[in-house]
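1. Provide a 3D model corresponding to the input given below.
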Amino acid sequence: MVALLHDAATRRDVRVIGVVSFAHATSHFFHLLLPPLFPWLMADFSLNFTQVGALMSVFFVVSGTGQALAGFAVDRFGPGRVLLFGVSSLALSGFALAAASSYAMLALAAGLAGLGNSVFHPVDFTILNRRVSPQRLGYAFSAHGLSGNLGWAVAPVFMAGIAGLAGWHWAGFAAGLLATIVLATLLWQRALLEVREPVTHATPGPAASAAPTFAFLSSSAVWLCFGFFFVLSGALSVVQTYAPTLLNRLYGLSLAASTSSFTAYLLAGAVGVAIGGFVAGRGRSQDRVITFALAVSACCALLLASAVFPGWSVIGLMALLGMGVGVAGPSRDLLIRQAATAGFGREAYGRVYGFVYSGLDVGFAVAPLVFGPLMDHGHYSAALVGVALLLGASILTALSVGVLARVGRRVVAGAG
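-> This next block holds a predicted model:
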């Protein structure tokens with residue numbers, strides 16, 4: 001009987017992780033709704049790098065603002081309803097892009113995509129933390145991160161492939177149709193997204209004593225986690241927005257070869273997340289895992305910036321850069337969970353995760369405004385050096401978060 005219950009719990013965990021990860025892949029796909037189309041959009045609308053970068057800033061400003069607010073909506077209305085709203089917004093963004101005939105309409109598509117993207121972290125982490133058994137959370141975070149990387153990897157091939165065959169308008173329509181299919185799937189599996197039933201696998205902690213609504217804003221751990229995501233996403237933004245162009249200008253690679261190197265970065269990141277899930281599930285030194293993995297990525301960015309290596313080596317360096325970022329992912333999510341949510345109870349997961357992960361969106365929004373002008377003035381190596389410096393800053397922040405997490409564990413152990 002115990003074995004049967006265990007199997008039922010395992011099956012339920014797998015189903016919840018699968019549905020949440022499936023939705024998360026869609027979120028990351030729409031991160032790259034526009035960047036693969038930049039060559040076509042720049043030609044058709046006479047745009048420069050700063051202007052197309054500003055479209056991504058619109059995406060992430062809306063997403064960052066919306067994410068902080070979405071956390072409160074998740075705590076108030078439940079993650080299921082909020083997720084369905086988010087995916088509906090993603091579908092509308094694809095259809096808006098398909099109908100775009102001006103820069104303003106491109107900005108509208110970017111804004112709708114940002115609105116849809118804003119719900120995913122508070123929704124996903126609330127569901128995973130409240131519905132998945134604690135011993136499987138490391139693997140849940142790994143699957144969640146892996147699905148996101150796969151969404152990133154699919155988007156350039158999907159969007160650029162359709163644009164090359166039928167034009168970028170049809171690529172936008174196909175993206176909208178894809179999100180509509182995801183929305184129908186989530187409606188079908190809606191029961192798995194609900195967290196109102198009694199939680200049998202909740203994380204141990206002071207869930208019974210609800211903290212004041214905005215108490216988390218007084219936590220230094222919360223602000224450090226926000227800062228960590230801000231500097232990390234600044235680095236990732238440069239790679240995701242400008243990598244093909246950077247590699248083309250620095251190494252003379254064709255657009256196809258540059259895009260292939262970027263795809264290698266994304267696929268290696270997915271492999272890294274899978275590896276990182278097993279690493280995160282075996283120990284408590286998440287900050288040290290993050291330090292090692294991101295240090296490797298920073299070194300790769302510096303090597304790419306030097307532009308002294310032959311063109312054939314670029315794909316390997318990009319893959320290693322992506323692998324480091326991927327390995328750090330699950331440890332990052334566990335570290336954030338330990339440090340940022342301690343003391344606020346599971347009822348506050350939505351707003352805490354919403355605020356902390358909005359740091360990602362702020363970083364993604366600011367970076368194109370800083371690095372776009374660098375690109376316009378031909379400072380391609382400087383952009384990659386900036387990536388390395390931001391990764392270094394994220395390492396220092398992660399180490400600080402790790403210190404706070406260990407202090408918190410000692411306090412809890414002493415109180416027990």
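
2. And the helices in the protein, which stretches?
-> 2-31, 38-45, 49-77, 79-98, 103-117, 120-131, 137-166, 168-188, 220-251, 255-280, 286-306, 314-340, 349-376, 380-415 (DSSP state H).

3. Including distance to residue 214, could those helices go into a markdown table?
-> (Glycine included, C-beta is placed from N, CA and C.) Output for the helices of the chain, formatted as a markdown table (distance: least, CB to CB, whole Å):
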| stretch | distance to residue 214 |
| --- | --- |
| helix 2-31 | 26 |
| helix 38-45 | 39 |
| helix 49-77 | 10 |
| helix 79-98 | 20 |
| helix 103-117 | 23 |
| helix 120-131 | 15 |
| helix 137-166 | 26 |
| helix 168-188 | 30 |
| helix 220-251 | 11 |
| helix 255-280 | 30 |
| helix 286-306 | 27 |
| helix 314-340 | 14 |
| helix 349-376 | 8 |
| helix 380-415 | 20 |
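
4. How about the contacts made by residue 182?
-> Neighbour list for residue 182: 22, 23, 26, 87, 90 [criterion: CB atoms under 8 Å, 6 or more residues apart in numbering].

5. ditto for residue 264
-> Contacts of residue 264 by CB under 8 Å, 6+ apart are 315, 316, 318, 319, 322.

6. So, low pLDDT: which residues of the stretch 251-400 of the chain?
-> In the predicted model of the stretch 251-400 of the chain, residues 281-284, 339-349 satisfy pLDDT under 70.

7. if we can go back for a sec, so which of the helices of the chain is the most packed in?
-> The highest average neighbour count among the helices of the chain, using mean count of other CB atoms under 10 Å, belongs to helix 120-131 at a mean of 27.

8. by contact count, what packs against that helix?
-> helix 2-31, helix 49-77, helix 79-98, helix 137-166, helix 314-340, helix 349-376 (3 or more CB pairs under 8 Å, 6 or more residues apart in numbering; DSSP states H and E).

9. For that helix, give me every contacting residue.
-> Contacts for helix 120-131 (CB under 8 Å, 6+ apart): 12-13, 16-17, 20, 23-24, 27, 67, 70-71, 73-75, 79, 82-83, 86, 137, 140-141, 144, 192-193, 195, 199, 201-203, 333, 337, 341, 346, 349-351, 353-354, 357, 360.

10. Distance check, residue 220 against residue 95.
-> As judged by CB to CB, to the nearest Å, residue 220 and residue 95 stand 43 Å apart.

11. ditto for residue 150
-> Going from residue 150 to residue 95 by CB to CB gives 24 Å.

12. now residue 89
-> 11 Å.

13. now residue 129
-> 33 Å.

14. Equivalent analysis for residue 388, please.
-> 39 Å.

15. In a markdown table, list the contacts of residue 264 along with distance to residue 299.
-> Putting the contacts of residue 264 into a markdown table (distance: CB to CB, whole Å) gives the following:
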| residue | distance to residue 299 |
| --- | --- |
| 315 | 17 |
| 316 | 13 |
| 318 | 13 |
| 319 | 14 |
| 322 | 13 |
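
16. Could you single out the nearest of those to residue 57?
-> residue 322 (23.2 Å; CB to CB).

17. Correct me if wrong: the closest one contacts residue 262.
-> No - using CB atoms under 8 Å, residue 322 makes no contact with residue 262, being 9.0 Å away.

18. Show the contacting residues for the closest residue to residue 18 other than its chain neighbours.
-> Distances taken as CB to CB, 6 or more residues apart in numbering place residue 143 nearest to residue 18, at 7.7 Å, with adjacent residues excluded. Counting by CB under 8 Å, 6+ apart, residue 143 makes contact with 17, 18, 21, 277.

19. Pretty sure the last one sits against residue 146.
-> Which is residue 277. Yes - because the distance of 7.4 Å satisfies CB under 8 Å, residue 277 is recorded as touching residue 146.

20. I'd like to know how far the nearest residue to residue 329 once chain neighbours are set aside sits from residue 333.
-> Of all residues not flanking residue 329 in the chain, residue 145 sits nearest, at 4.0 Å (CB to CB, 6+ apart). As judged by CB to CB, residue 145 and residue 333 stand 7 Å apart.

21. now stretch 323-336, how far from the chain's geometric center?
-> 11 Å (CA atoms, centre = their mean, to the nearest Å).

22. Would you mind pulling the contact partners of that stretch?
-> With CB under 8 Å, 6+ apart as the contact definition, stretch 323-336 has outside contacts at 125, 137-138, 141-142, 144-145, 149, 225, 228, 236, 268-277, 279-281, 286-287, 289-290, 293-297, 300, 356, 398, 401-402, 405.

23. What of stretch 91-103?
-> Against stretch 91-103 from outside (CB under 8 Å, 6+ apart): 30, 33-34, 45, 47, 51, 105-106, 108-113, 115-116, 168-180, 183.

24. so how far is it from its chain's centroid?
-> With CA atoms, centre = their mean, you get 23 Å for stretch 91-103.

25. could you measure the spatially closest residue to residue 12 that is not a sequence neighbour against residue 195, distance?
-> Excluding its sequence neighbours, the residue lying closest to residue 12 (CB to CB, 6+ apart) is residue 131, at 7.8 Å. Noted for residue 131: a distance of 6 Å to residue 195, by CB to CB.

26. again, but for residue 330
-> Counting by CB to CB - residue 330 and residue 195 are separated by 22 Å.

27. do residue 371 as well
-> 39 Å.

28. now residue 278
-> Distance from residue 278 to residue 195, by CB to CB: 27 Å.
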